[in-house]
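Visitor: Pasted the sequence and its predicted model underneath.
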Amino acid sequence: VKVVTSVREMQRLAEAWRRQGRRIGFVPTMGCLHVGHLSLIRIAKQRSDIVVASIFVNPTQFGPKEDFKRYPRDITRDKKLAVGAGCDVLFVPRTQDMYPQGYATYVMVEGLSKGLCGRSRPIHFRGVTTVVAKLFHIVKPHLAVFGQKDAQQAVILQRMARDLNFDTRILVAPIVREKDGLAMSSRNVYLSTGERKQALVLSRALRKAKQMVSKGERKASVIKNTIIQLIRGAKDAVIDYVEVVHPETLEDLTLLGDRALVALAVKFGSTRLIDNTLIKV
Ligand code: PAF
């Protein structure tokens, strides 16, 4: 795998590939790659000639009290894993090149960035859309793959790409889970053994929500309350939110129509986990 750190070099490579008619697939990440990321790289590989993955722990998407400093970083391991999954180029820019002195430009998707995770992380999505817009200008991808685990992020980035006429198709890939149901996340490494066990309640609660709908339940409040009760059974769980929303507008649903997104964020100790499920009624 070729590692590129220079923004200019990455842009020149991308330009050359485009001139040669090669299709560029792109997987933006913050590193500490896990099987979920690798599935995104594989999906990009199937649909493109060249796959670029970026590793950049983006400071602008972390709040002042969040885990930017302690976010796990392991580039040597990431390199090995990325190659194994079919990545051709790893783009690892330096922070001072992405955000030089005097940096002042931000991309903001209004409305969609406010609810769900946006409520407790008010600047998070502004940071995500800003860095992804920058990365798209640098990597010039025909296709970019994101994970459904970050459901709100995926919706927001699709809106950004549409609204700003990015010439990049966005694909959202299914959540990859551990055997026991826990959604893969770089933040899972923060969990103690006890918290890791308790965290299983999240996927269990989402499965329960799905079952309720398949048995005929249509009231969002009933589904939400069942999930909340189940999660409260885990002694260290502190709920940030449990919501039943429309999968594209992210607006609250009272009654389930044809599709719904059940999304939640829960803290175990200092670790905040998110998970969700898409329900077809
Ligand atoms: O999902 C992530 O890992 C990040 O939010 C992303 C899309 C790489 C932007 O920093």
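Guide: That came through fine. Everything quoted here is computed from the prediction, not taken from an experiment.
Visitor: how near is whatever residue of the stretch 151-281 of the chain ends up closest to the ligand to L112?
Guide: Closest to the ligand within the stretch 151-281 of the chain is Q153: 5.8 Å, counting by Cβ to the nearest ligand atom. Every C-beta, even on glycine, is put in place using the N, C-alpha and C of the backbone. Using Cβ to Cβ, to the nearest Å, Q153 is found at 10 Å from L112.
Visitor: for A199, same thing?
Guide: A199 is 27 Å from L112, by Cβ to Cβ.
Visitor: In terms of neighbours, single out the busier of those two.
Guide: Between A199 and L112, A199 has the larger neighbour count (other Cβ atoms under 10 Å), namely 26 against 22.
Visitor: how about the residues of this protein near the ligand?
Guide: Contacts of the chain with the ligand, taken as Cβ under 6 Å from any ligand atom, map to P28, T29, M30, N58, Q61, V128, V131, V132, D150, Q153.
Visitor: Give the phi and psi angles for the residue lying closest to the first one once chain neighbours are set aside, as a check.
Guide: By that I understand P28. In space, and not counting its chain neighbours, P28 is closest to S54: 4.9 Å by Cβ to Cβ, 6 or more residues apart in numbering. Here is the backbone geometry of S54 (degrees, to the nearest 10): phi -110, psi 150.
Visitor: residues in contact with S54?
Guide: Neighbouring residues of S54 by Cβ atoms under 8 Å, 6 or more residues apart in numbering: F26, V27, P28, T29, L90, F91, V92, P93, L135, V139.
Visitor: Model confidence for it, exactly?
Guide: On pLDDT, S54 comes in at 98.
Visitor: again, but for the one 4 residues further on
Guide: Predicted confidence (pLDDT) for N58: 98.
Visitor: Give the burial count for it, as a bare number.
Guide: Neighbourhood size, N58 [other Cβ under 10 Å]: 22.
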